[in-house]
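Visitor: okay, sequence plus prediction incoming.
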Amino acid sequence: MINAIPNEKIDKIIKSYPYCRDFFEAMVVDYPPKNKYQLTVKEYFDSLDSYELKLKGIEQENLVSLFVSFLENMEERQKSVQWNIESLTIIGGQNKYGERENVSICLKPGDVVSIVGPTGSGKSRLLGDIEWLAQGDTPTKRKILINGTIPPQSWRFSIEHKLVAQLSQNMNFVMDLSVEEFIKMHGESRMISDIEEKTRLILEKANELAGEEISLDTPVTALSGGQSRALMIADTAFLSSSPIVLIDEIENAGIDRKIAISLLVTNEKIVLIATHDPVLALSAERRMVIKNGGIEKIIETSRNEKEHLHELEALNQKLMNYREILRTGGSF
Ligand SMILES: Nc1ncnc2c1ncn2[C@@H]1O[C@H](COP(=O)(O)OP(=O)(O)OP(=O)(O)O)[C@@H](O)[C@H]1O
């Protein structure tokens, strides 16, 4: 594949390797304009002004091989950031009263666990411990193991390739970017090949989740709480490589929870959902009950509960319908 690059058309290369833009920026070489898209990579580099290139200290005949090695390096980098997570273990610490938490729970990719408990009981704290890969250094003294061992320190601080994706209650954007720029920036940092298609998909799904339509040119700072949440959920579902997804109280955002969960739950990921919503709580195979800051018990969702889930879903749908009527100015 890489060997064929010199003879591939520019438009195909741009689609397959959108991050190739970085090469042109780094070399201060003109990025191919649309009217050159039908040239091959070699033809494009040959078409550049050799005198100008010389002034920049670039040998024209080396450009193709430099470009190929750049793409090769990027591909290697991409492979090295693939996570290989087989398990996540939570080893109990202590509750708010310093009493021991006698639990150890091991989660595997494909597992979905809900976290329930009264307000202030410590659900978000548990998610925080997982996100931080706690090693007895948080108030709960919990320890988090990955693949049965203590994960390297560097995993805690990696911003670019996060082991854990956290969708929290408050998602505030501080960047001055449009929705399109935000998605593309994330896609490029993940070296995603079909960014246009992914951007379209993310916007479509975010709009399915949110009420008021989001458009590509909306500034991210102008999104409402629910819209930001919807965008981040769709973005996490399609762009995040993180094998562990933590969801904190999706219900407060006024978005369609069922679609959100169906987007985020995939076989390869471990998903933990802190929730006060019985439908979400029972959708998981297991739930952790939190009390006074400690994991009180872990309960398998019974067959009886699963049967009741259908009833709850129907009630929930009814509630959603009323909500939609009221939100859109109707009455009944
Ligand atoms: N084991 C613990 N030891 C000490 N402090 C704890 C412990 N567990 C939780 N806390 C603290 O208790 C407070 C409430 O916890 P948290 O915010 O996680 O509750 P919550 O269940 O998510 O609440 P809500 O449902 O309102 O979002 C936080 O300040 C948290 O750090």
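Guide: Looks like it came in fine. Numbering: from 1, shown residues only.
Visitor: what residues are up against Pro109?
Guide: Contact partners of Pro109, counting by Cβ atoms under 8 Å, 6 or more residues apart in numbering, are 85-86, 243, 267-270. Any C-beta I mention is one placed from the backbone N, CA and C, and that applies to glycine too.
Visitor: one more time with 10 Å, if that's ok
Guide: Counting by Cβ atoms under 10 Å, 6 or more residues apart in numbering, Pro109 makes contact with 83, 85-88, 243-244, 266-271.
Visitor: can you pick the most crowded of these?
Guide: Within the contacts of Pro109, Leu88 tops the neighbour count with 26 neighbours, counted by other Cβ atoms under 10 Å.
Visitor: got phi/psi on that one?
Guide: When quoted as degrees, to the nearest 10, the phi and psi of Leu88 stand at phi -130, psi 120.
Visitor: that one and Gln317, how far apart?
Guide: 33 Å (Cβ to Cβ, to the nearest Å).
Visitor: same check, this time on Ser193
Guide: 38 Å.
Visitor: do Glu52 as well
Guide: 64 Å.
Visitor: quick one, what contacts the residue of the stretch 201-332 of the chain found nearest the ligand?
Guide: Residue nearest to the ligand within the stretch 201-332 of the chain: Gly293 (2.8 Å; Cβ to the nearest ligand atom). By Cβ under 10 Å, 6+ apart, Gly293 lies in contact with 93-99, 101, 117, 120-123, 125-126, 139-140.
Visitor: also near the ligand: which of the residues you listed, exactly?
Guide: 94-96, 117, 120-123, 125, 139-140 (Cβ under 6 Å from any ligand atom).
Visitor: looking at the residues you listed, state which has the most neighbours.
Guide: Within these, most neighbours by other Cβ under 10 Å means Lys123, with 25 neighbours.
Visitor: can I get the contacts of Pro109 in a markdown table with distance to Ala237 and pLDDT?
Guide: Shown next, in a markdown table, are the contacts of Pro109 (distance: Cβ to Cβ, whole Å; pLDDT from 0 to 100):
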| residue | distance to Ala237 | pLDDT |
| --- | --- | --- |
| Trp83 | 16 | 72 |
| Ile85 | 18 | 88 |
| Glu86 | 22 | 91 |
| Ser87 | 22 | 94 |
| Leu88 | 19 | 95 |
| Pro243 | 13 | 88 |
| Ile244 | 14 | 91 |
| Thr266 | 8 | 76 |
| Asn267 | 13 | 68 |
| Glu268 | 12 | 81 |
| Lys269 | 10 | 89 |
| Ile270 | 15 | 93 |
| Val271 | 11 | 92 |
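Visitor: determine which two of those are furthest apart.
Guide: The span of those, defined through Cβ to Cβ, is set by Ser87 and Thr266 at 16.8 Å.
Visitor: now render the ones next to the ligand among the contacts of Gly293 as a markdown table, adding secondary structure and pLDDT.
Guide: Formatted as a markdown table, the ones next to the ligand among the contacts of Gly293 follow (DSSP: H, G, I helix; E, B strand; the rest coil; pLDDT from 0 to 100):
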| residue | secondary structure | pLDDT |
| --- | --- | --- |
| Gln94 | strand | 97 |
| Asn95 | coil | 96 |
| Lys96 | coil | 97 |
| Gly117 | coil | 96 |
| Gly120 | coil | 94 |
| Ser121 | coil | 96 |
| Gly122 | coil | 96 |
| Lys123 | helix | 94 |
| Arg125 | helix | 95 |
| Pro139 | coil | 95 |
| Thr140 | coil | 97 |
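Visitor: at the contact with the ligand, which residues of the protein appear?
Guide: Within the chain, the residues that sit near the ligand (Cβ under 6 Å from any ligand atom) are 94-96, 117, 119-125, 139-140, 274, 293-294.
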